[in-house]
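Asks: following is a predicted model, sequence given first.
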Amino acid sequence: MTAEIEPMDRDDSTGEERTSETQETPERVHLTRWFRQRPTSLEFWDAVVTDDSLVWCFLGESFKSLLLRADVSEYSRKEVENCANDGLPELSEQNISVPLSALQRIELDTGARFRRSKLTVTWEQTDGDGTVTWELYGTSDSDPQVELVESLAADDRFSHVDVHIHRRSGLL
């Protein structure tokens with residue numbers, strides 16, 4: 001739906017489709033349509049996994065007050081999709097690049113009919129000053145992106161990371 005694994009399943013050099021035997025580890029995984037609750041606002045973020053880092057891409061902020069609500073458009077999300085991996089940290093001064101080696105835990109709760117999906121990511125700060133944990137929730141038009149998180153669990157670059165998926169069914 002809104003989630004993508006890049007590159008596509010076509011070999012650029014030969015133009016042939018890759019089979020499961022020839023398909024390489026995805027160069028880039030884009031986890032999209034997440035928001036982070038702050039005391040007075042909602043911050044909208046996408047997470048992009050590149051060859052050597054997880055880049056949190058800031059898309060915009062909307063305040064909880066109805067008078068100050070902003071429409072976080074698709075423009076920022078398209079910029080992230082079209083940007084080269086090495087340019088992602090510079091797209092916004094709020095963007096955060098986390099080395100893959102610093103990641104400790106990725107947990108996805110798929111949510112249910114009346115409960116949003118939740119993505120929790122924990123990493124060690126690069127200055128050695130403890131750990132950081134972010135909890136993000138899926139927007140109303142997002143899918144839980146289970147396949148993408150499963151692909152991270154199977155990726156050798158994440159062998160040191162605890163990757164968990166909690167599947168829910170039913171109303172709650």
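Replies: Arrived safely.
Asks: who's in contact with Gly101?
Replies: That one is not Gly; residue 101 is Ser. His160 (CB atoms under 8 Å, 6 or more residues apart in numbering). In short, each C-beta sits where N, CA and C put it, glycine included.
Asks: and the residue lying closest to Glu43 once chain neighbours are set aside, what's its pLDDT?
Replies: In this structure, Glu43 finds its nearest non-sequential neighbour in Arg36, 4.5 Å apart by CB to CB, 6 or more residues apart in numbering. Arg36 is assigned 94 on the pLDDT scale.
Asks: also Leu67?
Replies: Model confidence at Leu67 (pLDDT) stands at 56.
Asks: wait, doesn't the residue nearest to Glu43 sit right on Ala47?
Replies: No. With contact taken as CB atoms under 8 Å, Arg36 and Ala47 are classed as non-touching, separated by 10.9 Å.
Asks: quick one: which of these two has more around it?
Replies: Between Arg36 and Ala47, Ala47 has the larger neighbour count (other CB atoms under 10 Å), namely 23 against 17.
Asks: which residues does that one bridge with?
Replies: Leu31, Trp56 (DSSP bridges).
Asks: hang on, it packs against Phe58?
Replies: No. Applying CB under 8 Å as the test, Ala47 and Phe58 come out as separate, 11.0 Å apart.
Asks: so where's this structure uncertain?
Replies: Scanning the chain for pLDDT under 70 picks out 1-26, 65-73, 170-172.
Asks: and the strands in it?
Replies: Per DSSP state E, the chain carries strands over the ranges 4-6, 28-37, 41-49, 53-63, 96-99, 103-109, 118-124, 131-138, 162-166.
Asks: nice, that's everything, thank you.
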